[in-house]
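1. the following block contains a protein sequence and its predicted model.
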Amino acid sequence: MFIRAYLRASTSEQNAERAKSDLVAFAAERGLTIAGFYPENESGAKLARPELFRLLSDCQPGDVLLLEQVDRLTRLNADDWSKLKAAIADRKVRIVALDLPTSWTMAQANADDFTSRMFEALNGMLLDMLAAIGRKDYEDRRRRQAQGIATAKAGGRYKGRPEDAERNAAIVKMLANGQSWSSIVAATGASRSTLSKLAKRVPEAA
């Protein structure tokens with residue numbers, strides 16, 4: 001049994017590895033070693049997450065997908081959550097989340113078959129419930145954000161997200177020096193759409 005830790009943050013401005021020490025401590029308390037870490041800056045509302053699916057492809061039956069919180073795994077709608085659950089089930093991967101104590105038993109390699117099956121059933125139900133709560137929280141926050149933007153626009157106060165001038169200046173310099181987009185994305189976490197916009201500034205910076 002291998003433990004593989006999934007670390008997710010929604011945006012490149014957030015630190016996906018923030019919870020790493022908590023996951024390491026959780027494993028160490030149980031005499032376990034984490035075989036790999038899979039940090040990712042993607043929305044939990046997206047099914048297409050390369051690092052999550054790389055983790056699953058690396059797993060063997062009985063391996064553990066370790067999380068800080070269930071919402072690090074999913075804020076998906078019902079259809080996409082069903083697809084992700086099916087992919088996890090196909091790999092016979094156990095989900096263990098620090099915020100779901102009933103799942104901790106799944107990290108025990110010596111748990112008997114009856115106990116494992118009972119906790120799998122219980123955790124399946126609780127995961128569905130927490131997935132629904134995570135999705136509702138995501139939709140509520142999006143609705144409040146949209147309402148706030150609409151109110152600010154109506155009052156002439158909306159200015160959008162402030163630019164990260166220091167990061168963008170560094171990206172423009174990288175582009176001007178001929179550095180590849182892939183290496184810039186890897187180094188900065190910026191999206192390709194951001195690079196496309198900043199590429200228009202390169203002649204000005206030259």
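-> Structure received.
2. can you pull out the helices in the protein?
-> In the chain, the helices defined using DSSP state H lie at 20-29, 50-58, 70-73, 78-90, 113-154, 165-176, 181-188, 192-199, 202-205.
3. out of the ones you listed, deepest packed?
-> helix 70-73 (a mean of 22; mean count of other Cβ atoms under 10 Å). The C-beta positions use only the backbone N, C-alpha and C, and glycine is treated the same way.
4. run the chain-centre distance for that one.
-> 7 Å (Cα atoms, centre = their mean, to the nearest Å).
5. ditto for stretch 28-40
-> From the chain centre to the centre of stretch 28-40 is a distance of 16 Å (Cα atoms, centre = their mean).
6. just the residues contacting it, thanks.
-> Residues from elsewhere that reach stretch 28-40, judged by Cβ atoms under 8 Å, 6 or more residues apart in numbering: 2-9, 16-17, 20, 23-24, 27, 49-52, 54-55, 58, 66, 107-108.
7. contacts only, for Ala190.
-> So Ala190 contacts 12, 167, 171, 184, 198 (Cβ under 8 Å, 6+ apart).
8. pLDDT at it, what is it?
-> Ala190 is assigned a predicted lDDT (pLDDT) of 82.
9. what do you get for the one 3 residues further on?
-> The predicted local distance difference test score for Ser193 is 83.
10. one more: Ala205?
-> So Ala205 comes in at 42 (pLDDT).
11. how is the chain divided into domains?
-> Listed by automatic domain parsing, the domain ranges of the chain are 3-136, 165-205.
12. quote the end-to-end distance of the first one.
-> Spelled out, it's domain 3-136. This stretch, domain 3-136, spans 29 Å end to end (Cα to Cα, to the nearest Å).
13. who wins for proximity to Pro101 among the helices of the chain?
-> For these, the distance to Pro101 is smallest for helix 113-154, at 9.9 Å, taking Cβ to Cβ.
14. quick one: that closest one to helix 78-90, angle?
-> Between the axes of helix 113-154 and helix 78-90, defined by axes from the mean of the first three to the mean of the last three Cα atoms, to 10 degrees, the angle is 150 degrees.
15. elements contacting helix 113-154?
-> helix 70-73, helix 78-90, strand 94-97 (3 or more Cβ pairs under 8 Å, 6 or more residues apart in numbering; DSSP states H and E).
16. redo those as CSV? Include distance to Lys153.
-> Shown next, in CSV, are the helices and strands packed on helix 113-154 (distance: least, Cβ to Cβ, whole Å):
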stretch, distance to Lys153
helix 70-73, 29
helix 78-90, 31
strand 94-97, 38
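17. need the residues that contact stretch 95-111.
-> The contact list for stretch 95-111 (Cβ under 8 Å, 6+ apart) reads 1, 3, 19, 22-23, 26-27, 30, 32, 64-70, 72-73, 88, 94, 115-116, 119-120, 122-123, 126-127, 130.
18. now stretch 81-93
-> 47, 53, 56, 59-65, 73-74, 76, 95, 127-128, 131, 135.
19. now the helices of the chain in CSV, with distance to Asp99?
-> Output for the helices of the chain, formatted as CSV (distance: least, Cβ to Cβ, whole Å):
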stretch, distance to Asp99
helix 20-29, 11
helix 50-58, 18
helix 70-73, 6
helix 78-90, 17
helix 113-154, 8
helix 165-176, 32
helix 181-188, 30
helix 192-199, 32
helix 202-205, 45
